[in-house]
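# predicted coordinates and the sequence they were generated for:
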Amino acid sequence: MSLLTRYKVLFADSALVLIALFWGVGFVAMKGALDSFPPFYLLSVRFTASFFILALLFRKRLETLTIKQIRSGLLVGVFLFLGFVTQTIGLEYTTAGKQAFITSTYVVMVPFLSWAIRKIFPGTLTFVSSFICLVGMGLLSLQGDGEALLNLNRGDLLTIACAFFFACHILAIEYFAASIDPLALTALQIGTTAVLSIFCALFFETWPVAVAPSAWGDIAFTVLLCTVFALSVQNAAQQFTPSSHAAILLSLESVFGALAGILLLNETFTAHMTAGCVLIFIAVLLTEAAPLIFQRFIAASGKETAKS
């Protein structure tokens, strides 16, 4: 890997960590907005506003898209929507902590799906890092739900489907990002999610009678930072980093979400949660540092061999 390529990868990875930060804080914002909006109408407002912003900013990019590229964007959008809708409905039948853990299994699903689709082994380190990350998120998310984890109800099964769809979303972005303008791809998938969310809202929910002023501030945060900025940067960043790598970095969302809950909602941080954060950071360090250390070790070994 050349120095320039390495810098591009590091820049992309840093951008993904920033996305995880915004998504983590976004948990708090979404929780506040849900006090005023039912789930599908909240998703409708969030993604419709995001689409119009992107459409205004990048109209010329959208006008140059081919039919094939539009189909690609719609497919990515379907995966994004299915992830959100199964997560939203599943939460009605299971606990938040249990769902947070089950959703995080996409970290392990991504390398397996990538291996199955691309027929290329991602590497032992990828699987080791993914499982360490999964254990960390279990400690971080499961507070009193550990024994119930084996008793899967309909909400848990929907959440497993949610994790699968989010894994597919990450893989789809990796696959299509090289052949379509990343910002146009962002607008297409957000627009698709908006249309499908509106459809579900009209059929299954009613518009709220009253909306708290603070809810609009929460929605503005999720629109501008968690959707427009985050998905645009994710689409661009995944041109330079593997999907399994991206999944582990995006898993930092759970750490930032826990910290945001402590700082903004006065939630308790336990010893188990601390251990979970440590394991997640170890997984990230393995993903980031281990390949570079290994490359330098091989290079040093080669020089020693040449000298002898």
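It's in. Only a predicted model underlies this, so the values are computations on that prediction, with no experimental measurement involved. Numbers count the residues shown, from 1 in each chain.

# now the helices for this protein?
3-33, 39-57, 59-63, 67-90, 96-103, 106-118, 124-141, 154-176, 182-204, 213-221, 230-237, 243-250, 252-265, 271-307 (DSSP state H).

# which of those helices is buried the deepest?
Per residue and on average, the most neighbours among the helices of the chain fall to helix 243-250, with a mean of 25 (mean count of other C-beta atoms under 10 Å). In short, each C-beta sits where N, CA and C put it, glycine included.

# just put the helices of the chain in a markdown table and tack on mean pLDDT.
Formatted as a markdown table, these follow (pLDDT from 0 to 100):
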| stretch | mean pLDDT |
| --- | --- |
| helix 3-33 | 80 |
| helix 39-57 | 93 |
| helix 59-63 | 90 |
| helix 67-90 | 90 |
| helix 96-103 | 68 |
| helix 106-118 | 84 |
| helix 124-141 | 78 |
| helix 154-176 | 88 |
| helix 182-204 | 93 |
| helix 213-221 | 92 |
| helix 230-237 | 89 |
| helix 243-250 | 80 |
| helix 252-265 | 74 |
| helix 271-307 | 64 |
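
# residue 43 contacts residue 193, doesn't it?
Yes - counting by C-beta atoms under 8 Å, residue 193 is a contact partner of residue 43 at 7.2 Å.

# what's the overlap in contacts for those two?
Residues touching both residue 43 and residue 193 (C-beta atoms under 8 Å, 6 or more residues apart in numbering): residue 84.

# okay, now the nearest residue to residue 212 once chain neighbours are set aside: neighbour count?
Once flanking residues are discounted, residue 212 sits nearest to residue 36: 5.0 Å by C-beta to C-beta, 6 or more residues apart in numbering. The number of residues packed near residue 36 is 19, by other C-beta atoms under 10 Å.

# which residues touch residue 36?
By C-beta under 8 Å, 6+ apart, the residues touching residue 36 are 208, 210, 211, 212, 215.

# for the residues you listed, which one is nearest residue 13?
Set against residue 13, the nearest of the contacts of residue 36 by C-beta to C-beta is residue 215 (33.5 Å).

# give me the most central residue, the chain.
In the chain, the centroid-proximal residue (C-alpha atoms, centre = their mean) is residue 250; its distance is 5.3 Å.

# what distance do you get for the closest residue to that residue other than its chain neighbours to residue 258?
Among residues not flanking residue 250 along the chain, residue 20 sits closest, at 5.3 Å (C-beta to C-beta, 6+ apart). Residue 20 sits 12 Å away from residue 258, going by C-beta to C-beta, to the nearest Å.

# do residue 239 as well
30 Å.

# now do residue 81
26 Å.

# ok, residue 102 touching residue 156?
Yes - using C-beta under 8 Å, residue 102 is in contact with residue 156, at 6.0 Å.
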